[in-house]
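J.: model the following, please.
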Amino acid sequence: MIVGVLRETAARERRVALTPDGVRRLAADGVGVVVQSGAGGFAGFDDAAYRVAGAYTTETAAAVFARSDVVAWVKPPAFPLEAVPHRPGLTLVGFQDPVQRAAQIAQLRGLGVESIAFESVSATELPDADALTAMSRIAGGVAYRAGRRLLAASTRRRPIRSMILGCGQAGLSALTTAHACGDEPPVLIGNRPAQQTPVNASGPATFVLNPNGDRATIVDRIVADKPDLVICAAARRGVRAPILLDERALAALGPGAVVVDLVAKAGGNCTATVADATVILPSGVLVTHRSNYPSRRPAAASRAYSAATVAMILRLLGR
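T.: Residues are numbered from 1 along each chain as shown. Now for the predicted structure:
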């Protein structure tokens with residue numbers, strides 16, 4: 001088997017799907033690796049490091065596809081995949097945006113190209129290949145700090161009030177970051193009683209159980225708690241995210257409040273979210289999304305992502 005690694009083409013994406021250490025791990029199992037030149041540069045891994053690890057480097061994405069049985073990426077390429085030369089039975093491994101790209105994934109399958117979406121990997125069945133959890137841990141903390149910086153300076157001079165929608169890894173990471181920033185204990189809204197245990201283990205917080213995603217419950221909490229910052233991180237793997245912040249909820253937030261929606265690629269938790277954009281509503285509420293918060297920590301994120309890539313490839317080999 002030959003695995004190809006692409007240089008990322010998504011805007012502001014600085015991660016790489018496989019690090020030199022990942023190349024060494026695959027080489028030890030007899031897997032060849034071809035890397036597009038510059039793929040790891042933003043994360044601190046130059047072409048020489050890949051060659052020392054045992055990879056072959058090439059200049060173009062087309063050359064990577066032509067040589068590879070499996071192609072790994074972090075984000076789907078910006079160029080059309082249907083026209084790229086490839087071997088029969090090619091497998092694409094990485095985040096696939098299965099909600100937004102369902103039609104393209106089906107079209108590729110019709111051409112004999114299979115897509116393995118890290119968004120749909122079971123954290124229970126395949127923990128070593130769970131890239132989504134690893135990236136969510138990084139994204140939650142980065143997003144909290146990014147949203148905090150968007151608040152008015154006068155607000156940041158005091159401990160801020162935050163609300164976190166979703167108690168998965170991103171939500172828990174946002175919670176621990178709130179503590180690290182010295183902010184008030186956040187309000188976390190979850191949909192399962194079992195989520196209260198990891199929330200309590202992460203430090204002081206108010207856990208609100210909202211099993212059916214009732215929007216009125218969220219509005220009531222906004223009115224009662226007056227959050228400065230709302231982190232939207234409620235999503236299930238491979239399916240559309242629930243709308244939790246509607247027009248009523250946004251109207252209840254005060255002018256200057258910030259909403260960071262981490263799940264816009266899955267449809268978003270907020271009705272006003274625009275993917276990869278920041279908008280200011282007439283009420284003065286700011287709503288922002290970036291699809292690659294982990295890329296702000298490219299080296300650490302790439303190492304975690306690479307470990308999941310290696311685990312998935314070895315699983316494809318039956319190892």
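
J.: which residues does A170 contact?
T.: S136, R137, A139, G140, A143, I231, A233, L262 (Cβ atoms under 8 Å, 6 or more residues apart in numbering). Yep, even glycine has a C-beta here, placed from its N, CA and C like the rest.

J.: a markdown table for those, including secondary structure, neighbour count and pLDDT?
T.: Below are the contacts of A170 laid out as a markdown table (DSSP: H, G, I helix; E, B strand; the rest coil; neighbours: other Cβ atoms under 10 Å; pLDDT from 0 to 100):
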| residue | secondary structure | neighbour count | pLDDT |
| --- | --- | --- | --- |
| S136 | helix | 26 | 92 |
| R137 | helix | 19 | 92 |
| A139 | helix | 28 | 95 |
| G140 | helix | 28 | 96 |
| A143 | helix | 28 | 96 |
| I231 | strand | 30 | 98 |
| A233 | coil | 27 | 95 |
| L262 | coil | 32 | 94 |
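
J.: not counting its neighbours along the chain, what's nearest T278?
T.: T288 (4.1 Å; Cβ to Cβ, 6 or more residues apart in numbering).

J.: which residues does stretch 39-51 contact?
T.: 5-8, 14-17, 19-20, 23, 33, 35, 37-38, 57, 295, 298-299, 301-302.

J.: quick one: it to chain centroid distance?
T.: Taking Cα atoms, centre = their mean, to the nearest Å, one finds the center of stretch 39-51 at 22 Å from the center of the full chain.

J.: can you pull out the strands in the chain?
T.: 2-5, 32-36, 56-58, 70-72, 91-94, 114-117, 162-165, 187-190, 206-209, 229-232, 258-261, 278-280, 286-288 (DSSP state E).

J.: paired strands for the last one, with orientation please.
T.: Applying DSSP bridges, strand 286-288 is found paired with strand 258-261 (parallel), strand 278-280 (antiparallel).

J.: all helices for the chain, in order.
T.: Counting by DSSP state H, the chain has helices at residues 20-28, 47-53, 61-67, 102-110, 131-149, 153-156, 169-180, 196-201, 215-225, 247-252, 298-316.

J.: tell me which of the strands of the chain lies nearest to Q104.
T.: strand 114-117 (8.8 Å; Cβ to Cβ).

J.: ok so, going back, what's the burial count for the residue nearest to T278?
T.: Using other Cβ atoms under 10 Å, T288 is surrounded by 21 other residues.

J.: contact partners for it?
T.: Counted by Cβ under 8 Å, 6+ apart, T288 has contacts A146, G147, L150, V258, V259, V260, D261, A277, T278, V279.

J.: quick check: bridge partners of it?
T.: Assigned bridge partners for T288, using DSSP bridges, are V260, T278.

J.: now do I116
T.: Applying DSSP bridges, one finds that I116 bridges with V93.

J.: neighbours of it, how many?
T.: Quick note: I116 (other Cβ under 10 Å) scores 18 neighbours.

J.: swap in the one 4 residues further on?
T.: The tally of other residues near S120 (other Cβ under 10 Å) stands at 13.

J.: that one reaches V239, doesn't it?
T.: No: S120 is beyond contact range of V239, at 9.1 Å (criterion: Cβ atoms under 8 Å).

J.: give me the residues contacting stretch 174-194.
T.: Contacts of stretch 174-194 (Cβ under 8 Å, 6+ apart): 140-141, 143-145, 148, 159-167, 171, 195-196, 199, 202-213, 217-218, 221, 225, 227, 231, 233-234, 244.

J.: please redo it, this time with the cut-off set to 6 Å
T.: 140-141, 144, 159-165, 167, 199, 202-208, 210-211, 225, 231 (Cβ atoms under 6 Å, 6 or more residues apart in numbering).

J.: buried ones only from those, please, as a ChimeraX command.
T.: Only the buried entries of the contacts of stretch 174-194 go into this ChimeraX selection, using 16 or more other Cβ atoms under 10 Å:
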select :140,141,144,160,161,162,163,164,165,167,199,202,205,207,208,210,225,231
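
J.: may I have stretch 271-288 as PDB, with CA atoms only?
T.: Only the C-alpha atoms of stretch 271-288 are listed here, as PDB (Å, rounded to 0.1, in the frame of the first residue of the first chain):
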ATOM      1  CA  THR A 271     -29.600  30.400  13.100                       C
ATOM      2  CA  ALA A 272     -27.400  33.400  12.400                       C
ATOM      3  CA  THR A 273     -24.200  31.500  11.800                       C
ATOM      4  CA  VAL A 274     -22.400  31.900   8.500                       C
ATOM      5  CA  ALA A 275     -19.700  29.400   7.800                       C
ATOM      6  CA  ASP A 276     -16.100  30.800   8.100                       C
ATOM      7  CA  ALA A 277     -17.400  34.300   8.700                       C
ATOM      8  CA  THR A 278     -18.100  36.800  11.400                       C
ATOM      9  CA  VAL A 279     -21.400  38.800  11.400                       C
ATOM     10  CA  ILE A 280     -22.700  41.500  13.600                       C
ATOM     11  CA  LEU A 281     -26.500  41.400  14.100                       C
ATOM     12  CA  PRO A 282     -28.600  44.600  14.300                       C
ATOM     13  CA  SER A 283     -29.000  43.900  18.000                       C
ATOM     14  CA  GLY A 284     -25.200  44.200  18.400                       C
ATOM     15  CA  VAL A 285     -24.600  40.500  19.000                       C
ATOM     16  CA  LEU A 286     -21.600  39.100  17.100                       C
ATOM     17  CA  VAL A 287     -21.700  35.600  15.700                       C
ATOM     18  CA  THR A 288     -18.500  34.000  14.400                       C
END
